[in-house]
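In: here are the coordinates; sequence isn't available:
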């Protein structure tokens, strides 16, 4: 019997410790970390939401439903942690002499919720009850302290997404963005724009891997999305580099944006185990922008007075060569987040 109680104590200790470490890695660790427990909760809730979405005919209705997916999943983490911790400590209470599992569970639940309706009988049980109460308070405090940080990052992300509408239309498109940037005719303003988005991608990489729930927080408007914004800016940079005559300095800024965006999107996809082509090459690997779509954008920009590269076929090959780097990971994240469909 002593051996059995010792084994149960160790199992309960492991369960409680695993839960606490999972919470700390989810909410406190300032780096990307794939937490199995968090992943299970989010995937389970997503499956339920996918079933509910089958009954919704329009994208706006599905978007409205998905807007509450991330908040609900996040809030469900606390009862999940509390339940697993309660079960773990109940095992330890039983191992320390509580006569029945029911009494052990009641004492554990009373301790973690600081209700006080059940009391410990011995000093070791009292010490364990104090420890469990402290753990319960810490778990709740983790979420409370996490939310302001997350919403600050969300606000910064969405500020850029909303500002992009001014320059790229609603929904944003790469040709529209290129045209407006060219109309500025100001090298410093263009440099500031690309520098801003290079930093935006860097911040996106940091916040959306360390605060992974942010990936699923949707924009205030149904037709807005951080994934669509990222794709628009990356395509605009690729279009500049491949089809428009410009200085080498401008091309360097746009190349850095594509590099920063590609790294950020891949890191986020890796966090969620999203499958994508890790080593793409054009023309062996196709891109989701067709040559006819590119030609249409080329002709439109040329008709608007923008100086284009004279060889349109070469411009297309160069564009596809840039696009293929981030094409598959961008599409994969759009599917993961259920981003709105847009014309290129």
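Out: Received it, and whenever you're ready, just let me know what you need. Model, not experiment: these values are computed from the prediction.
In: C-alpha only now, for contacts and for neighbours.
Out: Noted.
In: mean confidence for the host helix or strand of residue 80?
Out: Following DSSP states H and E, one finds residue 80 within helix 69-95. Helix 69-95 comes out with an average pLDDT of 94.
In: quick one, the next helix or strand after it and helix 69-95 angle?
Out: Using DSSP H and E, the helix or strand that directly follows helix 69-95 along the chain is helix 101-112. Relative orientation of helix 101-112 and helix 69-95, computed by axes from the mean of the first three to the mean of the last three Cα atoms, to 10 degrees: 120 degrees.
In: Let me know how buried residue 144 is, in neighbour terms.
Out: Close neighbours of residue 144, defined as other Cα atoms under 10 Å, add up to 12.
In: pLDDT score for it?
Out: For residue 144, pLDDT reads 85.
In: try residue 121
Out: 84.
In: for it, helix, strand, or coil?
Out: When classified by DSSP: H, G, I helix; E, B strand; the rest coil, residue 121 comes out as coil.
In: Now do the helices in the stretch 151-300 of the chain.
Out: 174-184, 187-210, 226-243, 248-271, 291-303 (DSSP state H, counting those that start in this stretch).
In: how close does the residue nearest in space to the middle of the chain sit to residue 68?
Out: With distances taken as Cα atoms, centre = their mean, residue 215 lies nearest the centre of the chain, 2.0 Å away. Plainly put, residue 215 is 13 Å away from residue 68 if you go by Cα to Cα, to the nearest Å.
In: same deal with residue 47?
Out: 14 Å.
In: per-residue confidence for residue 188?
Out: 78.
In: Residue 31 now?
Out: 68.
In: Pull the number of nearby residues for the closest residue to residue 168 other than its chain neighbours.
Out: Closest residue to residue 168 apart from its sequence neighbours, by Cα to Cα, 6 or more residues apart in numbering: residue 177 at 4.3 Å. Neighbour count of residue 177, defined by other Cα under 10 Å: 22.
In: do residue 257 as well
Out: 25.
In: got the contact list for it?
Out: 194, 195, 197, 198, 201, 234, 237 (Cα atoms under 8 Å, 6 or more residues apart in numbering).
In: So it versus residue 162, what's the distance?
Out: Distance, residue 257 to residue 162, using Cα to Cα: 19 Å.
In: before we move on, back to that, quick one: the helices of the stretch 151-300 of the chain as TSV, columns for distance to residue 109 too.
Out: Converted to TSV, these look like this (distance: least, Cα to Cα, whole Å):
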stretch	distance to residue 109
helix 174-184	55
helix 187-210	31
helix 226-243	41
helix 248-271	34
helix 291-303	61
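In: so who does residue 22 touch?
Out: With Cα under 8 Å, 6+ apart, residue 22 has these contacts: 35, 36, 37, 38.
In: ok, so of those, who is nearest residue 16?
Out: Of all the contacts of residue 22, residue 37 has the smallest distance to residue 16: 12.6 Å, by Cα to Cα.
In: Which residue comes closest to the closest one once chain neighbours are left out?
Out: Using Cα to Cα, 6+ apart, the closest residue to residue 37 is residue 22 (6.8 Å).
In: can you tell me how far residue 126 sits from residue 263?
Out: Taken as Cα to Cα, the span from residue 126 to residue 263 is 51 Å.
In: repeat for residue 118
Out: 53 Å.
In: before we move on, what about residue 191?
Out: 21 Å.
In: Can you tell me, leaving aside adjacent residues, what's nearest to the residue nearest to the centre of the chain?
Out: Spatial nearest neighbour of residue 215, excluding adjacent residues (Cα to Cα, 6+ apart): residue 208 at 5.9 Å.
In: is it true that that neighbour touches residue 217?
Out: No: taking contacts as Cα atoms under 8 Å, residue 208 lies outside contact range of residue 217: 10.4 Å.
In: and these two? which has more neighbours close in?
Out: Neighbours per residue (other Cα under 10 Å) separate residue 208 from residue 217, with residue 208 holding more: 23 against 19.
In: for the more buried one, what are its contacts?
Out: 214, 215, 268.
In: Can you point out the buried residues in the least confident helix or strand in the chain by mean pLDDT?
Out: One helix or strand of the chain scores below all others by mean pLDDT, DSSP states H and E: helix 174-184, with a mean of 88. Neighbour counts over helix 174-184 (16 or more other Cα atoms under 10 Å) mark 174, 175, 176, 177, 178, 179, 181, 182 as buried.
In: go on, stretch 153-166?
Out: Neighbour-count burial for stretch 153-166 [16+ other Cα under 10 Å]: 153, 154, 157, 158, 161, 162, 164, 165.
In: contact partners of it?
Out: 171, 172, 200, 204, 207, 214, 217, 219, 224, 225, 226, 229.
In: Pick out whichever of the residues you listed sits closest to residue 87.
Out: Nearest to residue 87 among the contacts of stretch 153-166, counting by Cα to Cα, is residue 214 at 29.7 Å.
In: Below-threshold pLDDT in the protein: ranges please.
Out: Within the chain, the stretches with pLDDT under 70 are 31-32, 185, 248-250.
In: Fine, thanks again, bye for now.
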